[in-house]
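Asks: got a structure for you, letters missing:
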Ligand SMILES: Nc1ncnc2c1ncn2[C@@H]1O[C@H](COP(=O)(O)OP(=O)(O)O)[C@@H](O)[C@H]1O
Ligand SMILES: [Mg+2]
């Protein structure tokens, strides 16, 4: 699933003040690519991921994902599109606290309209992230790293072509940061387009391409030589 961000601007208005979070960003990500969005805090990384995942719309410009101009959909259309097409992973995991790991994964499959034996498929995704034996635990019974791995299982459970992760490792220790990055790499190897943000260059190195944002603009781009 390719992503095309064309001259995108995003202004947040709060009362009498406004912030230009993105100022003319153009970015293309081809299907199956593994891309890191880097840059200092406040540079617009999260904003860009919200626009790519159609959580929000730009003030100006166009966002197209796999041929759908998501920036022109209304809110209802965007959430319907998102549930089926985007696996999202956030800093704070955002698991539903009253559901077990297994139920969290099954719930997002239900929302995506997937039919069939959800339980056994959800278990396979938990197995993929190494948590099958903890399937019946609630989020509070899991470590931060484990919760994020459940969130990864959930993100891929409805078979999205694109996975968008906003600072997925921000609140993890180094060992878990690396584990999460390895899993994102495995997700990418399963054929999914993966876009993640980070301000950590060691983690950005996992991606095959790094796009650097500064003050809401693309300030540079770099490819790694990793054989793929
Ligand atoms: N909902 C919002 N309302 C107002 N300003 C916001 C909002 N979200 C982000 N901003 C501002 O937009 C700029 C970019 O923020 P963000 O996209 O979160 O950057 P990053 O993720 O790189 O830290 C910052 O100046 C931030 O304060
Ligand atoms: Mg951010």
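Replies: Looks like it arrived, so ask away. These figures come from a predicted structure and were not determined experimentally. Ligands and ions are numbered 1, 2, ... in the order given.
Asks: Every contact and neighbour count from this point should use C-alpha atoms.
Replies: Fine.
Asks: Kindly list the main-chain dihedrals of the residue most central in space within the chain?
Replies: Nearest to the mean C-alpha position of the chain, counting by CA atoms, centre = their mean, stands residue 164 at 1.7 Å. Residue 164 adopts backbone torsions of phi -120, psi 120, taken as degrees, to the nearest 10.
Asks: is it true that it touches residue 53?
Replies: Yes - contact criterion CA atoms under 8 Å: residue 164 and residue 53 qualify, at 7.0 Å.
Asks: Identify the contacts common to the two.
Replies: Shared contacts of residue 164 and residue 53, defined by CA atoms under 8 Å, 6 or more residues apart in numbering, comprise 86, 88.
Asks: Quick check: phi and psi on residue 17?
Replies: Phi and psi for residue 17, reported as degrees, to the nearest 10, are phi -110, psi 150.
Asks: Let me fix that, I meant to ask about residue 65.
Replies: According to degrees, to the nearest 10, residue 65 has phi -120, psi 120.
Asks: Show me what the nearest residue to it once chain neighbours are set aside is bridged to.
Replies: Of all residues not flanking residue 65 in the chain, residue 3 sits nearest, at 4.5 Å (CA to CA, 6 or more residues apart in numbering). In this structure, residue 3 bridges to residue 29, residue 65 when assessed by DSSP bridges.
Asks: Would you confirm that residue 104 contacts residue 96?
Replies: Yes - between residue 104 and residue 96 there is a contact at 6.4 Å, judged by CA under 8 Å.
Asks: If we go by neighbour counts, what in the top helix by length along the chain is buried?
Replies: As assigned by DSSP state H, the longest helix anywhere in the chain is helix 174-189. For helix 174-189, a neighbour-count test (16 or more other CA atoms under 10 Å) marks 176, 177, 178, 179, 180, 181, 183, 184, 185, 187, 188 as buried.
Asks: Quick check: mean pLDDT of stretch 171-187?
Replies: For stretch 171-187, the mean per-residue pLDDT is 95.
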